[in-house]
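Need the 3D shape of this:
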Amino acid sequence: MYEKIYTTKTLVYIDSSIKFVREVKFSCKSFILKYKMSNNSKIFYTKTDEAPLLATYSFLPIVNAFVKKAAIQVELKDISLAGRILAVFTDYPDALTELGKATENPDTNIIKLPNISASIPQLKGAIAELQKAGYAIPNYPEDAQTEEEKAIKAKFAKILGSAVNPVLREGNSDRRAPKAVKNYAKANPHSMGAWVSNSKTRVAHMNNGDFYGTEKSVTVENASQFKIEFVAKDGSVKELKALTPLKAGEVIDSSVMNLNALKAFVAQTKEEAKKEGVLLSAHLKATMMKVSDPVIFGAIVDVYFKEVFEKYAAVFSALNINTNNGLGEVYSKIAGHPQEAEIKAAIDNAINNGPDLAMVNSDKGITNLHVPSDVIVDASMPAMIRIGGKMWDKNGKERDTIAMIPDRCYAGIYVAVIDDCKAHGALDPKTMGSVPNVGLMAQKAEEYGSHDKTFQAEADGTIRIADADGNVFMEQAVEAGDIFRMCQTKDAPIQDWVKLAVNRARLSETPAVFWLDENRAHDREIIKKVNKYLVNYDTTGLDIRILNPIDACKFSLDRIRKGLDTISVTGNVLRDYLTDLFPILEVGTSAKMLSIVPLMSGGGLFETGAGGSAPKHIEQFLEEGYLRWDSLGEFLALGASLEHLSIVEKNPKALVLAETLDQATEKFLANDKSPARKVGQIDNRGSHYYLAMYWAQALASQTKDAELASQFAEVAKKLTDNETQINSELIGAQGKPQNIGGYYFPNDELATKAMRPSATLNSAIDAL
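Here you go, the predicted structure:
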């Protein structure tokens, strides 16, 4: 705490650590009050991957230049895939662990950009780049045999999949489309494909043997411990997970995906797609669900190419080919093999004789089954729905598809949306309402925290969850190859989630619906807790209800077609799915969502949209120097971060920055300065220029802080007067291949040069 000592017209701030002494002219009566100074104000800004990483090289210098005028420090924390690998295997700073600890502090302020939730192919790509750069990173030992290999594989396991979000998300999620974004989308609607009532597109899911059908759940009343054990048919016991704490009131679940039932489902769906003349596609989350979904993906690949894998089993075994990594790994590992041409011909024959596969890239021949991380359900399904229920075939033509989402836990929401579109046509962005989300995700809630408790059964037997004394919480019969999953959901996050839902319903005067299925074991336990904690709040006049996900989706769809909003209050996975589904239909992308995570300790995590890290965007940039990435999510998150900081740190200048940034963002949208799509048009770098210009103009013209107005008057003039020159320099840098020194681990100097090509813009910003 600091003292403001007003003597005459001069205000003197004195930091007792002698780090900061400053005089500010101020007219006021003499008085003394306690005041927390802002000279220690800090925002952690995350360095991530792919398109958001490239955008950071351009946008962060602007952020630094502006916010330092409010005595705010921005500290870059490297949580990229490459950075996480280096942190595990070298003395590189472990930024993820540092940020995880920081979330426990009440004054923590983090701006978190989308990162790679790495699949094994992505992990291998990053390892290769780091090795090329001279780092002694071991290869990923897929078939670990020795103790050393097993130890290395265990280290890599900490990096794969959703390694970042469970660490940082120490709070529940509040995601919504900002008013300015929604208004812009209504005035400038994105394209929507037409739906027809006789569309053959549909969702296929299992009806037995999936996680939904086998789930068991229980609430642990008292603090305890649990361990996971495999009990073989002969009675021998193998520990899968050692004793781990359980908190009082915690909900724990277990479920099994039966591999034989899964393969039977895929085989049947394959035949149906062939018979109906539609594409076959698979939609999973092999990044976030890094243990279970790659196995499911591999089973689909196995079934589709059954004859090929049987015929060349010996070759594939010798090459250590793992179908969990997709068809792409087959092509990669047979390269140069004497039977390469023969195997490729067999694969082509299987595709020609089977149902046509949906394509990720028709021009390059990349199918839906090439790489498990290429088709992520929360992005791929809304994209398919948006264009009229179509995906692309090998000729680049849009066609109906059977979308395989094997597990029933969440497949039904997409069934509901597709059925609604068939009955009523495409949704209209000009008139449709919104579906903001309050998501339960704190402290690794639900399936997204299951990685260290998910196993593939090595033989027939039983997998059980027991306490330290051997008392069994629950057990599941398994067959060899089955996927066992245990999940945890702590009580404190549930209480916080219910409170957040009530607050959002009251503040927005909007119905709030808990998407919970009483026929699902886990949800029954959560329903009990929701009913228990709702009575702690005054819900008079509020419309708060509990509906199963399918009915909740239908209810929300009916309302948004009438232009009405409905808050979805969901668990962790549905939070992820819905904050892509509805925003993509409403405003064209989930990257434009305002995503706030009030940390349970009092700090704030501000996520830049709900979208991924756009690998196609960086590919386009490397090929032709054009970056389509839209940084609107970064603008929105920064504004919310500054507003939060102004309150927590009692920094009035931060509030002025936040308010003027909001004005700049509205002007940015109104003038349509978001990136276009083609060379010769405004791209990500140009959008940053316009945001900076509008922000500087707003700061120079505001009347709340004369010092800030004076400081930004000159830069506002420079950016405004040199608009033609800056645009010429930015667009002139497009149209040619870019060398940034690496995809996963770019060279900072090369990337900075590529992303800051305007000397005029750089001079104006750096002069601040």
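
can you count the residues close to Ala223?
For Ala223, the count of nearby residues is 11 (other C-beta atoms under 10 Å). Just so you know, the C-beta spots here come from the backbone N, C-alpha and C atoms, and that holds for glycine as well.

residues in contact with it?
Residues near Ala223 by C-beta atoms under 8 Å, 6 or more residues apart in numbering: Pro245, Leu246, Lys247, Ala248.

Tell me where the stretch 601-750 of the chain has strands.
Along the stretch 601-750 of the chain, the stretches classed as strands by DSSP state E, counting those that start in this stretch are 604-608.

quick check: mean pLDDT across the one helix or strand Ser281 maps to?
Secondary structure from DSSP states H and E places Ser281 in strand 279-282. With pLDDT averaged residue by residue, strand 279-282 scores 98.

Can you give the domain ranges for the protein?
1-37, 38-170+599-766, 202-215+258-424, 217-256+452-486, 431-445+491-587 (automatic domain parsing).

possible to save those domains as a markdown table with distance to Pro178?
Below are those laid out as a markdown table (distance: least, C-beta to C-beta, whole Å):
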| stretch | distance to Pro178 |
| --- | --- |
| domain 1-37 | 29 |
| domain 38-170+599-766 | 6 |
| domain 202-215+258-424 | 19 |
| domain 217-256+452-486 | 33 |
| domain 431-445+491-587 | 10 |
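
do you know which of the ones you listed lies nearest Val181?
The minimum distance between Val181 and the domains of the chain falls on domain 431-445+491-587, with 5.7 Å, by C-beta to C-beta.

got the CA positions of stretch 109-125 in PDB?
Extracted C-alpha coordinates of stretch 109-125, given in PDB (Å, rounded to 0.1, in the frame of the first residue of the first chain):
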ATOM      1  CA  ASN A 109      -3.600 -11.200 -14.700                       C
ATOM      2  CA  ILE A 110      -3.000 -13.500 -17.700                       C
ATOM      3  CA  ILE A 111      -3.800 -13.100 -21.300                       C
ATOM      4  CA  LYS A 112      -3.900 -16.600 -22.800                       C
ATOM      5  CA  LEU A 113      -3.700 -17.100 -26.600                       C
ATOM      6  CA  PRO A 114      -4.700 -20.400 -28.300                       C
ATOM      7  CA  ASN A 115      -2.000 -23.100 -28.100                       C
ATOM      8  CA  ILE A 116      -1.400 -26.500 -29.700                       C
ATOM      9  CA  SER A 117      -2.900 -29.400 -27.700                       C
ATOM     10  CA  ALA A 118      -0.300 -31.600 -29.300                       C
ATOM     11  CA  SER A 119      -1.000 -34.900 -31.100                       C
ATOM     12  CA  ILE A 120       2.000 -37.300 -31.500                       C
ATOM     13  CA  PRO A 121       2.600 -36.100 -35.100                       C
ATOM     14  CA  GLN A 122       2.800 -32.500 -34.000                       C
ATOM     15  CA  LEU A 123       5.000 -33.500 -31.100                       C
ATOM     16  CA  LYS A 124       7.400 -35.200 -33.500                       C
ATOM     17  CA  GLY A 125       7.500 -32.200 -35.800                       C
END
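
Could I get the average pLDDT for it?
Mean predicted lDDT for stretch 109-125 stands at 92.

Also stretch 708-716?
The average pLDDT within stretch 708-716 is 97.

can you list contacts of it?
Residues contacting stretch 708-716 (C-beta under 8 Å, 6+ apart): 69-70, 653, 656-657, 693, 696-697, 699-703, 764-765, 767-768.

Likewise for stretch 310-329?
Outside stretch 310-329, the residues that touch it by C-beta under 8 Å, 6+ apart are 119-121, 142-143, 294-295, 297-298, 301-302, 305, 309, 330, 333-334, 337, 339, 343, 346-347, 366-367, 369-372, 374.

Would you mind checking the residues you listed for buried ones?
For the contacts of stretch 310-329, a neighbour count by 16 or more other C-beta atoms under 10 Å gives the buried set as 119-121, 142, 294-295, 297-298, 301-302, 305, 309, 330, 333-334, 343, 346-347, 366-367, 369-372, 374.

So which of those residues are in helices?
120-121, 294-295, 297-298, 301-302, 309, 330, 333-334, 343, 346-347 (DSSP state H).

Looking at the domains of the chain, which is nearest to Met192?
The minimum distance between Met192 and the domains of the chain falls on domain 202-215+258-424, with 6.1 Å, by C-beta to C-beta.

Straight-line length of the closest one, end to end?
16 Å (C-alpha to C-alpha, to the nearest Å).

Would you check how far apart Lys216 and Phe230 are?
Separation of Lys216 from Phe230 (C-beta to C-beta, to the nearest Å): 17 Å.

Extract the C-alpha trace of stretch 575-592 and format it as CSV.
Extracted as CSV, the C-alpha positions of stretch 575-592 are listed here (Å, rounded to 0.1, in the frame of the first residue of the first chain):
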residue,chain,number,x,y,z
ARG,A,575,-18.3,-25.6,-22.8
ASP,A,576,-15.6,-26.3,-25.4
TYR,A,577,-18.0,-27.6,-28.0
LEU,A,578,-20.7,-24.9,-27.6
THR,A,579,-18.3,-22.0,-27.5
ASP,A,580,-17.3,-23.0,-31.0
LEU,A,581,-20.7,-24.2,-32.3
PHE,A,582,-22.9,-21.2,-31.7
PRO,A,583,-20.3,-18.4,-32.3
ILE,A,584,-19.3,-20.0,-35.6
LEU,A,585,-23.0,-19.9,-36.7
GLU,A,586,-23.6,-16.5,-35.1
VAL,A,587,-20.5,-14.4,-36.0
GLY,A,588,-18.5,-16.7,-38.3
THR,A,589,-15.8,-17.7,-35.9
SER,A,590,-15.3,-18.5,-32.3
ALA,A,591,-12.1,-16.4,-32.2
LYS,A,592,-14.4,-13.3,-31.7
